[in-house]
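Colleague: I would like to see how this sequence folds:
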Amino acid sequence: MPALPSWLTEPRWEHFTALLPARPEFHPGHPLGCHRRRVSDRIVFDKMLQLLRFGCSYEAIADTTCSATTIRSNRDEWIQLGVFARLKQIALECYDRTVGLVLDQIAVDAAITKAPGGGEAAGRSPVDRGKQGLKRSGMTDGYGIPLGRVLADANRHDSPLLAPTLDRLNDLGPLLGDITVHLDAGYDSDKTRALLDERGIHGRIAQKGEKAPIQAGRRWHVERTHAWQNAFHRLARCYERHVSVIDAYFDLADTIITVRSLIRRAWTTHRWDERPNRRP
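Modeller: Numbers count the residues shown, from 1 in each chain. Purely as a prediction, here's the structure:
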């Protein structure tokens, strides 16, 4: 069973394979000059999509076409080449050219997920009886397109993670006009307001003690994006131990979310050959 529909995976594979370096069919370092053929990059890419979507182990997803060791080795090679980060950047650029990112209204919020395997970014979760957890401080545009994230221990407060999260805006290049960031009551402090003033960003922060429906604002976009990301079971229950690997899977998930939103919003305004027959 495919992890994702073809109209969503095929555009990503075309960009993904363009970022991969050319490799010979056989390994050139073999002492006898012969070796088994390399496993196709497309097979490994599909395996990683299945790992991301279903959250199973590498051994469970491996079969006669590709071993768990091959998946891990190709994954690490692609991470070193920066393929996943570049793939996400391409998706954002395509979305911005076709639909347009809403960068004058951004939202920042944190979410805690389970991390049973521990790892570099895991810590005691205050909402799961002290078990290992992972916190991500995510940032989205005014529609909910993920722009970046910061990973930290589950017991870290949201407020100190705001500055490194806003630094992800630098990856988008120079921004024009005023920016308003929407935050929940966890950021209601003078330190947060001073940080926003230094960066020239307007803040709409919910005040402590007031009920959420009265001052909901537009931060629900980032909360919806957290739900989209948690639909990928490898992110909702993370067994990866290295931050670089977790970031790679988040970049892949954010790419899928961005492309899905692009196709959905452009379905009524644009025409192309691989356009789905029904609005996704």
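
Colleague: Look up phi and psi at residue 64.
Modeller: phi -70, psi -20 (degrees, to the nearest 10).

Colleague: so how many other residues sit close to it?
Modeller: Residues near residue 64, counting by other C-beta atoms under 10 Å, number 5. Bear in mind the C-beta positions are built from the backbone N, C-alpha and C, glycine included.

Colleague: Give me the pLDDT value at it.
Modeller: Looking at residue 64, its pLDDT reads 89.

Colleague: The chain should start at 42 in everything you say after this.
Modeller: Fine by me, first position is 42 from now on; the one you just mentioned is residue 105.

Colleague: Could you check how far it is from residue 111?
Modeller: To residue 111, residue 105 is 12 Å away according to C-beta to C-beta, to the nearest Å.

Colleague: can you pull out the strands in the chain?
Modeller: For the chain, the strands defined by DSSP state E occupy 146-155, 163-165, 173-181, 187-194, 221-224, 243-246.

Colleague: The shortest one pairs with which strands, and in what direction?
Modeller: Yep, that's strand 163-165 we're talking about. Strand 163-165 has the following sheet partners, assigned by DSSP bridges: strand 173-181 (antiparallel).

Colleague: Measure how the strand it pairs with sits relative to strand 187-194, angle-wise.
Modeller: Comparing the axes of strand 173-181 and strand 187-194 via axes from the mean of the first three to the mean of the last three C-alpha atoms, to 10 degrees yields an angle of 160 degrees.

Colleague: what is the mean pLDDT for strand 173-181?
Modeller: The pLDDT scores in strand 173-181 average 95.

Colleague: For residue 92, give me its contacts.
Modeller: Taking C-beta atoms under 8 Å, 6 or more residues apart in numbering, we find residue 92 in contact with 99, 102, 112, 275, 290.

Colleague: which of those residues lies closest to residue 137?
Modeller: Proximity of those to residue 137, judged by C-beta to C-beta, is greatest for residue 290, which lies at 23.2 Å.

Colleague: Could you single out the nearest of the contacts of residue 92 to residue 134?
Modeller: residue 290 (21.0 Å).

Colleague: So the closest one sits against residue 277, correct?
Modeller: No: the criterion here is C-beta atoms under 8 Å, and residue 290 misses it with residue 277 at 11.2 Å.

Colleague: Comparing the two, which residue is more hemmed in?
Modeller: Neighbour tally, residue 290 and residue 277, criterion other C-beta under 10 Å: the higher count belongs to residue 290, 20 against 16.

Colleague: which sections of this structure are below the confidence cut-off?
Modeller: Applying pLDDT under 70 to the chain flags residues 42-43, 68-76, 252-257.

Colleague: all helices for it, in order.
Modeller: 47-60, 82-95, 99-102, 109-122, 124-139, 203-207, 231-240, 261-271, 274-277, 284-307 (DSSP state H).

Colleague: I'd like those helices as CSV, with distance to residue 174 appended.
Modeller: Listed next are the helices of the chain as CSV, based on distance: least, C-beta to C-beta, whole Å:
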stretch, distance to residue 174
helix 47-60, 29
helix 82-95, 20
helix 99-102, 22
helix 109-122, 23
helix 124-139, 23
helix 203-207, 18
helix 231-240, 23
helix 261-271, 13
helix 274-277, 11
helix 284-307, 13
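
Colleague: I'd assumed residue 91 was in contact with residue 97.
Modeller: Yes: contact criterion C-beta under 8 Å: residue 97 and residue 91 qualify, at 7.5 Å.

Colleague: between those two, which one's more packed in?
Modeller: residue 91 (19 against 13).

Colleague: Run through the residues that contact that one.
Modeller: Residue 91 neighbours (C-beta under 8 Å, 6+ apart): 44, 97, 102.

Colleague: Against residue 293, how distant is it?
Modeller: From residue 91 to residue 293 the distance is 12 Å (C-beta to C-beta).

Colleague: hang on, the earlier thing: out of the strands of the chain, which comes closest to residue 83?
Modeller: Ranking the strands of the chain by proximity to residue 83 (C-beta to C-beta) places strand 187-194 first, at 25.2 Å.

Colleague: What pairs with that closest one, parallel or antiparallel?
Modeller: Sheet pairing for strand 187-194, using DSSP bridges, gives strand 173-181 (antiparallel).

Colleague: Pull the partner strand out as PDB, backbone CA atoms only.
Modeller: Presented in PDB, the C-alpha positions along strand 173-181 are these (Å, rounded to 0.1, in the frame of the first residue of the first chain):
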ATOM      1  CA  GLN A 173      11.000  10.900  27.600                       C
ATOM      2  CA  GLY A 174       9.600  13.600  25.300                       C
ATOM      3  CA  LEU A 175      10.500  15.900  22.500                       C
ATOM      4  CA  LYS A 176       9.500  19.500  22.200                       C
ATOM      5  CA  ARG A 177       9.400  21.400  18.900                       C
ATOM      6  CA  SER A 178       8.900  25.100  18.600                       C
ATOM      7  CA  GLY A 179       7.300  25.600  15.200                       C
ATOM      8  CA  MET A 180       6.700  28.700  13.100                       C
ATOM      9  CA  THR A 181       4.200  29.000  10.200                       C
END
